[in-house]
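Q: The following block contains a protein sequence and its predicted model.
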Amino acid sequence: MESSRGLGAAASGPSREYKLVMLGEGGVGKSAIIMQFISHRFPEDHDPTIEDAYKTQIRIDDEPANLDILDTAGQAEFTAMRDQYMRAGEGFIISYSITDRRSFQEARQFKQLIYRVRRTTDTPVVLVGNKSDLTHLRQVSVEEGRGLAREFQCPFFETSAAFRYYIDEVFAALVRQIRQREEEAARGGEKKSRRHHSFWTRLRSPFRRKQHSEH
């Protein structure tokens with residue numbers, strides 16, 4: 001697992017916006033992960049059918065980052081709405097619960113859905129096995145999670161939203177991947193397009209908006 005060096009509260013001023021999407025079966029703790037990351041609290045109840053949009057400003061490796069996070073409902077089916085945010089998102093967190101083998105199996109479906117929409121294997125992804133505190137209910141081993149992450153060629157963390165284990169590290173790792181790809185593109189002489197910005201703004205409007213400026 002990776003550390004979150006340089007993760008902290010952001011200073012004022014403009015910062016790069018990163019469009020992140022949280023994916024996973026219902027009940028794996030997607031919203032709890034986001035809430036712990038943004039507000040350092042564990043939600044006791046949450047409507048799994050609601051899709052929320054969150055914003056927060058932080059620093060990662062001494063660089064400011066404005067995160068725009070979509071918390072999606074937990075279905076892996078292909079829909080027009082999902083197609084849109086799969087195209088507009090810059091990085092994806094695929095989450096499962098270590099206590100639910102089906103959610104682990106569904107993680108591969110979410111990865112395939114990303115590829116189906118984007119037609120590239122070079123999309124920034126982080127695999128998360130949540131509820132690591134519930135070891136007595138474990139159905140998915142750490143090695144199985146690591147193996148799937150190797151298949152995805154992405155970072156892997158076992159998290160606990162309840163106890164805030166490795167929550168910051170997940171988001172830091174995803175932003176680092178996006179930055180790395182931008183640096184590689186710049187070195188290759190490619191010009192990064194910003195055409196998705198206005199589209200993302202329109203896309204996230206149906207989501208419930210939650211603004212946070214502290215972390």
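A: Sure thing, it's come through. Note that the structure is a prediction, hence the values are computed from the model and not measured. Residues are numbered from 1 along each chain as shown.

Q: lowest average confidence, helix or strand, in the chain?
A: Confidence across the helices and strands of the chain bottoms out at strand 8-9, with a mean of 48, counting by mean pLDDT, DSSP states H and E.

Q: any idea which element the most centrally placed residue in the chain lies in?
A: The residue lying closest to the centre of the chain (Cα atoms, centre = their mean) is I93, at 3.0 Å. Of the helices and strands defined by DSSP states H and E, I93 is found in strand 91-97.

Q: Quick one: work out the angle between the helix or strand just after that strand and strand 91-97.
A: Moving toward the C-terminus from strand 91-97, the next helix or strand (DSSP H and E) is helix 101-118. Interaxial angle, helix 101-118 versus strand 91-97 (axes from the mean of the first three to the mean of the last three Cα atoms, to 10 degrees): 160 degrees.

Q: Show me what counts as buried in helix 101-118.
A: 103-104, 106-107, 110-111, 113-114, 117 (16 or more other Cβ atoms under 10 Å). Where C-beta positions appear, they are placed from N, C-alpha and C, glycine not excepted.

Q: of all those, which comes closest to R204?
A: Among those, V117 lies closest to R204 (Cβ to Cβ), at 16.7 Å.

Q: On the pLDDT front, check the closest one for me.
A: pLDDT for V117: 92.

Q: And for D45?
A: pLDDT recorded at D45 is 67.

Q: likewise S4?
A: Looking at S4, the pLDDT reads 37.

Q: And the helices in the protein?
A: 30-39, 80-88, 101-118, 142-152, 167-187, 196-203 (DSSP state H).
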